[in-house]
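Visitor: 3D, please:
(one chain, ligands or ions: 1)
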Amino acid sequence: MGSCCPLLLNNREPFQAALLSRSEVSQKSRLESIHKNYNFIKVLGYGQFGTVREATRLFQNGLERKFAIKSISKDKVCKKFNLLKRELELLSIIDHPNIVKLHEIYEDEKYLHLVLDLCKGGDLYDYILNKGKLTEKEVMMIMKKIFSAINHLHTVSICHRDLKPDNFMLVTKDSDSEVKLIDFGMSVKFGDEQMHTIVGTPYYLAPEVYMGNYGKECDNWSLGVVMYFLLSGKQPFSGSNINELLANILKCNFTFDDRNWNDVSEDAKDLIRKLLVVDPKDRISISNSLRHKWFNQHATTAPVNLEIFNSLKTFKAHGKLWNEMMKVFIRNLSEDEIKDLDVAFKAIDTEHTGFITADNIEKAMLRNGYPVVADEIHKLINLIDYLGNGKLNYTQFLIVTADRKSIFDEESLWSAFKYFDISNQGKVHVSDLEFVLEKAGCCITTLDFEEILNEFQLKAGDFMSFDQFKDIIVCFSPENSADFNHLAPPRTVRRLSHKRLSIRRLSNANAQQTS
Ligand SMILES: Nc1ncnc2c1ncn2[C@@H]1O[C@H](COP(=O)(O)OP(=O)(O)OP(=O)(O)O)[C@@H](O)[C@H]1O
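Guide: Below you'll find the model as predicted:
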């Protein structure tokens, strides 16, 4: 390894630990072969630091799920260490159905492997080139997803800075495929101050980026260029060299004269005109773009399955460990398994922020004829709100509404248990539990973890058996027992208070292990 990574060489620390700069991680992180859990299938593409491949993860219950794995060469990334660090930090914050999800990070001697959602349909640029022309309705549906993704980024104060069709991938080859944003290499967290670095791809750059003084509105301009390209197959600004291109961008020199625009509606052109405005202060915002009549003329809010409201209403508070373990379950669900929940999330999130508030739920219940008691909804949000901001994010919504009867069948539980049992001993070592949660990007601090260990009377070096694992997941709340009657064999312990139950079971098991 080159000498440009002194942290790695001097401290002999795992790369990920240094990369994520979490002081506690250095003791917990370890090198682990990704090939133990994933079979690499084929190359999907090449990036500047490494290769992206399709891979399969085989679960204990025989099910498999495909992912994209971006393997980043540690040697290559050395000089761009800070860029990668920033990309990973941002990816771990972002949580939106139209943004690729980072599931796990593995590290071996030579590579850092990022396990991501797989997008099998290729990128938008190739999609347009292959299809020739899309209908306006198709473009509208794609752009709505793209605007929703960027609205979420801006809501959590992230500016992408490199929006272009190549950075949007289609999950499948179907015409109604989900679209996901990839590549956060240029993205930054923004505050009140302006940004100055000139980054991005020339055709899509806003005039103020070339001037070296800009804010998040540069993304809005880029989306105007993307929308123009999707509707016509042409760039709004071109030039025989970079100076000519720049001059055309600075003058906002574009037209709808080409015959490709003959059939395009005035509403679509109006939105493009409002996005491609030189002064960022006068440019339409992303949230107002989503309210533009082009989107709203055909807008119908999908009906929400009333079962989903029932799940929301009957949800009971659980501990942090349960919540973090549930994230692992949720991440293992396939696109098909979460499709309906995905539709429901978008139907409830009418402002497209990627967050759901009590007000959103109340309105969705009213729209769908579900009996509403406003007080109950506020109480519910407080119960579920692990982020403490009065809102549910996408993952939290999936945790609350996923069909626990199917997630929690014995086989799925066993499969999840084996996911945590990385030493393959048929029992989960406490340090493995912590390691797996860390690897999956769960936000459990050392302090949280100590609290969890205390709650379950566990200490470093202890093991958790499958029964104990099930108790944490399934029997966390005695009120839930009715939901899980299908699990065999029925156990009377479910009627005990969860805390007493767990403490007794764990203490017994650990006493047996030490004896
Ligand atoms: N989640 C994914 N699913 C399928 N293919 C993907 C996925 N992510 C990336 N790819 C493929 O791999 C290629 C490189 O990925 P990506 O753009 O993330 O790498 P990068 O290092 O950031 O590249 P760049 O050089 O553009 O900065 C993409 O162009 C795409 O073809």
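
Visitor: In the stretch 151-300 of the chain, where is pLDDT below threshold?
Guide: 192, 298-300 (pLDDT under 70).

Visitor: And the helices in it?
Guide: Assigned by DSSP state H, counting those that start in this stretch, the stretch 151-300 of the chain shows helices spanning 207-210, 217-232, 242-250, 266-275, 286-290, 293-296.

Visitor: Quick one, which of those helices gets closest to the ligand.
Guide: Ranking the helices of the stretch 151-300 of the chain by distance to the ligand, with C-beta to the nearest ligand atom as the measure, places helix 217-232 first at 15.0 Å. Every residue, glycine included, has its C-beta placed from N, CA and C.

Visitor: On the three-state scheme, residue 45 is what?
Guide: strand (DSSP: H, G, I helix; E, B strand; the rest coil).

Visitor: Pull out the buried residues from stretch 410-428.
Guide: For stretch 410-428, the neighbour count (16 or more other C-beta atoms under 10 Å) marks 412-422, 427-428 as buried.

Visitor: Helices - which of those land there?
Guide: Per DSSP state H, helices hold the following members of those: 412, 413, 414, 415, 416, 417, 418, 419, 420.

Visitor: May I see the buried residues of whatever helix or strand residue 86 lives in?
Guide: Residue 86 is part of helix 81-93, with elements assigned from DSSP states H and E. Of the residues in helix 81-93, 81, 84, 86, 87, 88, 90, 91 count as buried by neighbour count, 16+ other C-beta under 10 Å.

Visitor: Which strands or helices does whichever helix or strand comes after that helix pack on?
Guide: On the C-terminal side of helix 81-93, the closest following helix or strand by DSSP H and E is strand 102-107. Packing partners of strand 102-107 (3 or more C-beta pairs under 8 Å, 6 or more residues apart in numbering; DSSP states H and E): helix 15-20, helix 81-93, strand 111-117, helix 430-439.

Visitor: residue ranges of the helices in the stretch 401-515 of the chain, please?
Guide: 404-407, 410-420, 430-439, 446-455, 466-473, 498-514.

Visitor: Quickly, which of those bottoms out on average pLDDT?
Guide: Among those, helix 498-514 carries the lowest mean pLDDT, at a mean of 34.

Visitor: What is the end-to-end distance of stretch 248-264?
Guide: 23 Å (C-alpha to C-alpha, to the nearest Å).

Visitor: What residues sit buried inside that stretch?
Guide: 248, 249, 252, 254, 256, 261, 264.

Visitor: got CSV for those, with distance to residue 132 too?
Guide: Compiled in CSV, those are given as follows (distance: C-beta to C-beta, whole Å):
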residue, distance to residue 132
248, 25
249, 26
252, 28
254, 22
256, 19
261, 16
264, 15
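
Visitor: Just flag the most distant two among those.
Guide: 249 and 264 (21.6 Å; C-beta to C-beta).

Visitor: So for residue 88, what pLDDT did the model give?
Guide: At residue 88, pLDDT is 85.

Visitor: And it, how close does it get to the ligand?
Guide: Relative to the ligand, residue 88 is positioned 12 Å away (C-beta to the nearest ligand atom, to the nearest Å).

Visitor: Quick check: residue 159 touching residue 190?
Guide: Yes. If you go by C-beta atoms under 8 Å, residue 159 and residue 190 touch, sitting 5.0 Å apart.

Visitor: Between the two ends of stretch 379-397, what distance do you get?
Guide: OK, stretch 379-397 end separation, C-alpha to C-alpha: 15 Å.

Visitor: er, stretch 156-167 I mean
Guide: The first and final residues of stretch 156-167 sit 20 Å from each other (C-alpha to C-alpha).

Visitor: ok now do the residue of the stretch 251-400 of the chain found nearest the ligand, which residues does it touch?
Guide: Relative to the ligand, the nearest point of the stretch 251-400 of the chain is residue 335 (12.2 Å; C-beta to the nearest ligand atom). Shown in contact with residue 335 (C-beta atoms under 8 Å, 6 or more residues apart in numbering): 171, 178.

Visitor: re earlier: neighbour-wise, which of residue 159 and residue 190 wins?
Guide: Per other C-beta atoms under 10 Å, whichever of residue 159 and residue 190 has more neighbours is residue 159, with 21 against 17.

Visitor: what about the spatially closest residue to residue 155 that is not a sequence neighbour, how many neighbours?
Guide: Spatial nearest neighbour of residue 155, chain neighbours left out: residue 353 (4.6 Å); criterion: C-beta to C-beta, 6 or more residues apart in numbering. The number of residues packed near residue 353 is 21, by other C-beta under 10 Å.

Visitor: Next: residue 364.
Guide: With other C-beta under 10 Å as criterion, residue 364 counts 23.

Visitor: Residue 160 now?
Guide: 26.

Visitor: Ok, the one 10 residues further on next?
Guide: By the measure other C-beta under 10 Å, the count of residues near residue 170 is 20.

Visitor: got the contact list for it?
Guide: So residue 170 contacts 119, 120, 121, 122, 123, 124, 127, 177, 178, 179, 180 (C-beta under 8 Å, 6+ apart).

Visitor: hmm, 10 Å instead?
Guide: Residues in contact with residue 170, defined by C-beta atoms under 10 Å, 6 or more residues apart in numbering, are 119-124, 126-127, 142, 177-180.

Visitor: Only the buried subset of those, as a ChimeraX command please.
Guide: In ChimeraX syntax, the buried subset of the contacts of residue 170 is picked out as below (16+ other C-beta under 10 Å):
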select :119,121,122,123,124,127,142,177,178,179,180
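
Visitor: I'd like the list of the contacts of residue 170 that fall within strands, please.
Guide: Judged by DSSP state E, the contacts of residue 170 include 179, 180 as members of strands.

Visitor: just to revisit the earlier point, kindly point out which residues are neighbours of both of residue 159 and residue 190.
Guide: Taking C-beta under 10 Å, 6+ apart as the criterion, residue 159 and residue 190 both touch 153, 214, 215, 216.

Visitor: Neighbours of the first one, how many?
Guide: As a burial measure, residue 153 scores 26 neighbours (other C-beta under 10 Å).

Visitor: what do you get for the third one?
Guide: By other C-beta under 10 Å, the residues close to residue 215 number 17.

Visitor: ok now do the residue lying closest to it once chain neighbours are set aside, which residues does it touch?
Guide: When the adjacent residues along the chain are set aside, residue 215 lies closest to residue 194, with 5.7 Å between them (C-beta to C-beta, 6+ apart). Residue 194 is in contact with 208, 212, 213, 214, 215, 280, counting by C-beta under 10 Å, 6+ apart.
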